[in-house]
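Participant: The sequence and its predicted three-dimensional model are supplied below.
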Amino acid sequence: MKYEISLSEDNTFIRIRVFETINGEIEREFAGKAITEAKQRNIRQFLVDVRGTTNVASSFQHYLFGYEDMEKLGLALNSKIAVLADESDRTHDFIETIFINAGHRCRLFRVEKVALEWLLLTKQ
């Protein structure tokens, strides 16, 4: 299994847990399924848990993902995306910059509690 998509226990966000190395293809695959699930439930918050994985997508693939793929997949600009990565892993850092520059609310976190607080306590 490459990833798992689930609804939070309180039905407020979609959780995406990735289990293997991330590349552009896997990013588009899990994002498409998560966005479809979120639209069906009228949810705009996502927790993307990439702890234990590395991201090998190129800078150009990240750019396409943030600027083109998200529009094609229908990610609402008022969505919130919290990315949860390992403390020492910097392979996911660039995606935050790309998403913010593309107009999305996205933040990278190293502590799950802090990620959830940002995701749920500031529903703007």
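Facilitator: Happy to help now that I have it.
Participant: From here on, just use CA atoms for contacts and neighbour counts.
Facilitator: Will do.
Participant: contacting residues around residue 59?
Facilitator: Contacts for residue 59 (C-alpha atoms under 8 Å, 6 or more residues apart in numbering) come out as residue 94.
Participant: can you rerun that using 10 Å?
Facilitator: 65, 94, 95, 98 (C-alpha atoms under 10 Å, 6 or more residues apart in numbering).
Participant: Mean confidence (pLDDT) on the host helix or strand of the third one, please.
Facilitator: Residue 95 is part of helix 93-101, with elements assigned from DSSP states H and E. Per-residue pLDDT over helix 93-101 has a mean of 93.
Participant: following that helix, which helix or strand comes up?
Facilitator: strand 105-109.
Participant: between the contacts of residue 59, which is nearest residue 112?
Facilitator: Distance to residue 112, by C-alpha to C-alpha, is smallest for residue 95 among the contacts of residue 59, at 17.8 Å.
Participant: Going by contacts, tell me the helices and strands next to the lengthiest helix in the chain.
Facilitator: Scanning the chain for the longest helix, with DSSP state H as the assignment, gives helix 24-41. Where contact means 3 or more C-alpha pairs under 10 Å, 6 or more residues apart in numbering; DSSP states H and E, helix 24-41 is packed against strand 3-7, strand 14-18, strand 45-49, helix 59-64, helix 70-73.
Participant: Give the bridge partners for the residue nearest in space to the middle of the chain, please.
Facilitator: Geometric centre of the chain, nearest residue: residue 48, 4.2 Å, by C-alpha atoms, centre = their mean. Note on residue 48: beta-bridge partners by DSSP bridges are residue 16, residue 83.
Participant: Looks like it contacts residue 96 (just checking).
Facilitator: No: with contact defined as C-alpha atoms under 10 Å, residue 48 does not count as touching residue 96 (11.7 Å).
Participant: between these two, what contacts are shared?
Facilitator: 81, 82, 83, 108.
Participant: By neighbour count, which of the contacts of residue 59 wins?
Facilitator: residue 65 (24 neighbours; other C-alpha atoms under 10 Å).
Participant: Low-confidence stretches in this structure?
Facilitator: 122-124 (pLDDT under 70).
Participant: before we move on, back to that, which of the shared contacts of residue 48 and residue 96 sits closest to residue 90?
Facilitator: residue 108 (10.3 Å).
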